[in-house]
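Enquirer: Provided below are the primary sequence and the corresponding predicted coordinates.
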Amino acid sequence: MARIDFYVLSQSGEQARQRFACRLAEKAYKLEHTVHIHAGDEATASRMDELLWTFRDGSFVPHNMVVAGGEVPDAPVTVGCDPGFAGSRDLLINLDDAIPACAGAFPRIAELVTSDEDSRQKSRRRFVAYRDEGHELETHNV
């Protein structure tokens, strides 16, 4: 079973969620972990690709986009929106409102929750689904 960490952010909005995803990916990369950031759609994946280069002055998070059905790049951090991602990574950062089909292949999953009610409701559904599958759950208020 995977360990699922729910990071409950004090800010609202998708931009806060995406910026925290960048910080989390950077931290994991510096600890020599491999990461896949799963976006809900191509526009969000492209935004994350751009944001990983610009979210903080001096940051460096080597990453590549994953194209649906394409080969998985060797980069330590990958970004994509294919729910059937078939790469092997240490951490999945989920930016989708649903649990992607590939989630079962990861030993750790990070779910990011903003302070707006819609985000909280969707995260509660994911929390219940993970709990019902028997995963180890942790909640962090940040």
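Expert: Right, received. Where do you want to start?

Enquirer: any idea how far Glu26 is from Ala58?
Expert: Ala isn't right for residue 58; it's Gly. Distance of Gly58 to Glu26, given as Cβ to Cβ, to the nearest Å: 11 Å. Glycine gets a C-beta too; all of them are placed from N, C-alpha and C.

Enquirer: more crowded one of those two?
Expert: Taking other Cβ atoms under 10 Å, Gly58 and Glu26 do not tie; Glu26 has more neighbours (18 against 4).

Enquirer: Let's verify the more buried one: helix, strand, or coil?
Expert: With DSSP: H, G, I helix; E, B strand; the rest coil as the basis, Glu26 sits in helix.

Enquirer: which residue packs closest to it, ignoring adjacent ones?
Expert: Val61 (5.0 Å; Cβ to Cβ, 6 or more residues apart in numbering).

Enquirer: now do Asp96
Expert: Asp96's closest residue in space is Gly40 (Cβ to Cβ, 6+ apart), at 3.9 Å.

Enquirer: Share the number of residues neighbouring the one you found, please.
Expert: Gly40: 16 neighbours (other Cβ under 10 Å).

Enquirer: so it sits right up against Asp82, yeah?
Expert: No: with contact defined as Cβ atoms under 8 Å, Gly40 does not reach Asp82; the gap is 11.2 Å.

Enquirer: now the helices: where do they sit in this structure?
Expert: 14-30, 42-54, 117-132 (DSSP state H).

Enquirer: Centre of the chain to the first one, how far?
Expert: A distance of 8 Å separates the C-alpha centroid of helix 14-30 from that of its chain, computed with Cα atoms, centre = their mean, to the nearest Å.

Enquirer: average model confidence for it?
Expert: Model confidence over helix 14-30, given as mean pLDDT, is 97.

Enquirer: Quick check: buried residues in that helix?
Expert: For helix 14-30, the buried set under the neighbour-count rule, 16 or more other Cβ atoms under 10 Å, comprises Ala16, Arg17, Gln18, Arg19, Phe20, Ala21, Cys22, Leu24, Ala25, Glu26, Ala28, Tyr29.
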